[in-house]
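1. Sharing a model prediction with you, sequence too.
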Amino acid sequence: MKNRSKLLLGIGLFILTVVIISCTDSLDKTISFVESVRVEYSDCNGCQECLLDFSCPENAIMFDSTRTKAYIDADKCVQCMECINLFNCPEDAFTLVRDIIPPATLSGLNVYSSAIGELIIKFQSTGDDSISGKAYRYEFQLLNENDEEIITDFEPTIPINPGFEEYWIISNLEEDALITVDIQAFDEMDNASPVASAVVTIMGNHHPPAAINILYITDIGSDSFQLNWSAVGNNGLSGGSAEYYIVKVYTDSITEENWNDIADYEQDMIPATPFTIESLQIEGLELSTEYFAAIKAVDDSTNVAPISVLASATTLGAPDLTAPAAITDLSVGTIDMNSFVLNWTAVGDDNLEGTASSYIVKVNTEIIDENNWNDIPDFIQNLIPQPPSSEESLLITDLDPLTEYYAAVKVLDEVNNIADISNLANVTTSSLPDTTPPAAITDLIAIGSETEIELSWTSPGDDGNIGTATGYEIRMALSEITETNWEEAELLAGPPWPLAAGSLQDYTVDELELGNVYYFAIKAFDENNNYAEISNVPNSQLIEDVIPPSDITNLSVYAGYASNLTTIRINWSAPGDNGDIGTCDHYEVRYSNQPIDDDNWVTATLFNDPPIPLTAGANQFCNVTGLNSATIYYFAVKAFDEVGNVNNISNSPGGKIVFQINTGACHNCANCINDCDQNAIHQGAGYKYINPDQCTACGDCTCPWNLIYQAVVAY
């Protein structure tokens, strides 16, 4: 907004359309517009007259070599209008556009009350034009339960730069009041963002400690990690320190439902004052195991806070002490006046095994060795290592012509074990400019499948069929692509980096419509933007998918110990996307009190949390929750592919959650029989047993030796 403000001049007139200003227009004509100057890419022909024949006093006119278009850098432009009044653009591409863009919706709105009578409001600041620039002001109001405005002496702050957190505190509010918070951002033209709203209850003076909402794990080892959190107060987030903590560490998710079933982690932490970052070392853990952690704070009246947010981490395996192998075949490919291509064969994460994590590349005008390695700046690159024996290439740029350079590479793994220095590559840059484009691709092939079209071709070189090109433009259209309509065809995102000339390359196109015939063409370009001629133009289309996943015939109920009285686990072998091939898209799992078939499938209850499908043939399971104990449930499953093809209904096994006796350890006393009102417990040969058909899972039966347990029986 700093550039637009220089054109306001106190004028309130708004322009409803884009106005093109020619070189004959005067400044008097333009000052009535509340506008910013820019170059329209669609009208710019890339002639560069604005750079060659006109000198912008702020050097704000730039050139985009990729698009061969000119543009105005908004951070440099001071709106002096000289580019409009003193220069005649041949395409009238300089334009003025009015401000009609409001600030974006406030994101991350978080309102809470952590102290008595106090309200805290946090949100991410927005911009003047959507998320660009800085908004002008905020408006907010507080409403009670009757939608009546609550009057306070709080004044909203002046907006800060977009993306940063705004933090407001409003005090002296009514305790335990339910309040609605509404906030809007405005720009200097009174364009307003949508209203952001939230509801909060103001804390009174009878609250337990607040739930810990910042909990995270650091310093993960093979048998330990450090648990960190932000301390809460004795009363919400105030009232001094809490009295003590209850810490749970478990190998499964921790919830309010299983909190009391999990042993406390022994510790003697003394809580710190609110908002202090506290840490506890958790030890005695197993290798390569996922753990979950949660905390509750307790105040001096033994009021217990709600459960904290959940933190999780997986302990490390045995430490990695093996570095990647040293690169031994570093060489130079294409050479230019200010660049060259560095080539080598990828090594592994552990010597020649696995895949490394990153490279350190050094380029210097003197010989590189271990003695001066740390003194030479890294060549900035983000090359991701490929699997061992893969061919790697890196373009080294910003070099001087006719200069001798040395290059070397080191390889790092994920724990920063570093390889020895590679062999040294040596090259002298050329003095001649590169005017030779890559060769035209002549063997482009397009092959359609059910969901995508696969393109493949042989890569050209940087100069004809020599070296390695810099990039590709891949375009798609619903009709034949030619040089004439090349720019009108859709430019596809994310093309692959070119490989050395003569290599086979491919690219996958998805999100296509069935029934359309698609045409494809490619142009390669080199580092100097020399573009190849258009490739051959193949066409293809999607193949209709009519094959459903294979039928599930081995659905079974997991019989045995039950974790609770509301869950039954079912198992089956995963089908594929097409029969037994691939991975299906999703499952429907249903249950009923009667065996399920095609006649009652739609009336059976739909379980709303089915598992994500695994690859065909894998063992798939689903924990069906929300069930009643002592009730026989029958289950069935259907699998769907991504276009809605569905298999036949599975077999329909049943299960029931009851109590059972460990008969092998039973002491044959009469306690459990005397406790059962359903006559479900019977005498066996030296032991007692529970008839599942008579058991109602009331839980009244007791055993001095804790031999009665929850179980699922199959039907």
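-> Thanks, I have the structure now. Worth saying up front: this structure is predicted, and the values here are computed from it rather than measured.

2. Contacts made by stretch 702-709 with the rest, please.
-> The set of residues external to stretch 702-709 that reach it, using CB atoms under 8 Å, 6 or more residues apart in numbering, is 561-562, 659-662, 665-667, 669, 671-672, 675, 690, 701. In short, each C-beta sits where N, CA and C put it, glycine included.

3. between the residues you listed, which is closest to residue 77?
-> residue 562 (70.2 Å; CB to CB).

4. Neighbours of that closest one, how many?
-> 23 (other CB atoms under 10 Å).

5. isn't it right up against residue 710?
-> Yes. Using CB atoms under 8 Å, residue 562 is in contact with residue 710, at 4.1 Å.

6. which neighbours do those two share?
-> Joint contacts of residue 562 and residue 710 (CB under 8 Å, 6+ apart) are residue 657.

7. Going by distance to residue 473, which of the contacts of stretch 702-709 wins?
-> Closest to residue 473, out of all of the contacts of stretch 702-709 and judged by CB to CB, is residue 562, at 60.1 Å.

8. Tell me how far that closest one lies from residue 655.
-> Taking CB to CB, to the nearest Å as the measure, residue 562 falls 9 Å from residue 655.

9. Need the residues touching each of these two.
-> Joint contacts of residue 562 and residue 655 (CB under 8 Å, 6+ apart) are 568, 712.

10. need the contact list for residue 161.
-> Each residue near residue 161 by CB under 8 Å, 6+ apart is listed here: 125, 134.

11. Quick check: it is in a helix.
-> No. Read with DSSP: H, G, I helix; E, B strand; the rest coil, residue 161 is coil and lies in no helix.

12. next helix or strand past the host helix or strand of residue 589?
-> Assigned by DSSP states H and E, residue 589 belongs to strand 586-592. Going down the chain from strand 586-592, the next helix or strand is strand 605-607, by DSSP H and E.

13. ok now do the spatially most central residue of the chain, which residues does it touch?
-> With distances taken as CA atoms, centre = their mean, residue 108 lies nearest the centre of the chain, 16.7 Å away. Shown in contact with residue 108 (CB under 8 Å, 6+ apart): 122-124, 165.

14. One more: residue 510?
-> 451-452.

15. Going along the chain, name the strands of the stretch 451-600 of the chain.
-> Using DSSP state E, counting those that start in this stretch, the strands assigned to the stretch 451-600 of the chain run over residues 453-458, 471-477, 490-491, 504-509, 518-525, 539-540, 556-557, 560-561, 568-573, 586-592.

16. returning to what we had before: any idea of the mean pLDDT in the strand holding residue 589?
-> Across strand 586-592, pLDDT averages out at 97.

17. Same question for stretch 398-407.
-> 93.

18. How about stretch 464-484?
-> 96.

19. re the thing from before, need the buried ones from the contacts of stretch 702-709 selected in PyMOL.
-> Of those, the buried ones go into a single PyMOL selection, burial set by 16 or more other CB atoms under 10 Å:
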select buried, resi 562+659+660+661+666+672+690+701
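
20. Give me the subset of the contacts of stretch 702-709 lying in strands.
-> 561, 659-661, 690 (DSSP state E).

21. Residue 649: which of the residues you listed is nearest?
-> residue 561 (29.0 Å).

22. The stretch 551-700 of the chain: helices as residue ranges?
-> Assigned by DSSP state H, counting those that start in this stretch, the stretch 551-700 of the chain shows helices spanning 671-675.

23. For the stretch 101-250 of the chain, give me the ranges with low pLDDT.
-> 205-206 (pLDDT under 70).

24. And the helices in it?
-> Counting by DSSP H, counting those that start in this stretch, the stretch 101-250 of the chain contains no helices.

25. ranges for the strands of it?
-> 107-112, 119-124, 137-143, 149-150, 165-170, 178-186, 196-201, 215-218, 224-230, 233-235, 238-241, 244-250.

26. would you turn those into a markdown table with distance to residue 100?
-> Output for the strands of the stretch 101-250 of the chain, formatted as a markdown table (distance: least, CB to CB, whole Å):
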| stretch | distance to residue 100 |
| --- | --- |
| strand 107-112 | 21 |
| strand 119-124 | 23 |
| strand 137-143 | 18 |
| strand 149-150 | 30 |
| strand 165-170 | 25 |
| strand 178-186 | 14 |
| strand 196-201 | 21 |
| strand 215-218 | 43 |
| strand 224-230 | 43 |
| strand 233-235 | 47 |
| strand 238-241 | 46 |
| strand 244-250 | 54 |
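
27. Point out the one among these that comes closest to residue 419.
-> Closest among the strands of the stretch 101-250 of the chain, using CB to CB: strand 215-218, at 28.0 Å.

28. what's next to that closest one, contact-wise?
-> 225-229, 293-295, 308-313.

29. Now residue 452: closest residue in space that isn't a chain neighbour?
-> residue 510 (4.3 Å; CB to CB, 6 or more residues apart in numbering).

30. again, but for residue 434
-> residue 528 (4.7 Å).

31. Count the residues that sit near the one you found.
-> Residue 528 - counted by other CB under 10 Å - has 17 other residues nearby.

32. which residues does it contact?
-> Residues in contact with residue 528 (CB under 8 Å, 6+ apart) are 336, 433-435.

33. from the contacts of stretch 702-709, which is closest to residue 627?
-> residue 562 (10.2 Å).

34. Which residue, neighbours along the chain excluded, lies closest to residue 607?
-> residue 589 (4.3 Å).

35. Next: residue 336.
-> Per CB to CB, 6+ apart, closest to residue 336 is residue 434, 5.4 Å.

36. Just the buried residues of stretch 414-425, please?
-> 417, 419, 421-422, 425.

37. among the residues you listed, which are in strands?
-> Using DSSP E, these in strands are residue 425.

38. For the buried residues of stretch 414-425, give me TSV that also has distance to residue 207.
-> Compiled in TSV, the buried residues of stretch 414-425 are given as follows (distance: CB to CB, whole Å):
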residue	distance to residue 207
417	51
419	57
421	62
422	63
425	68
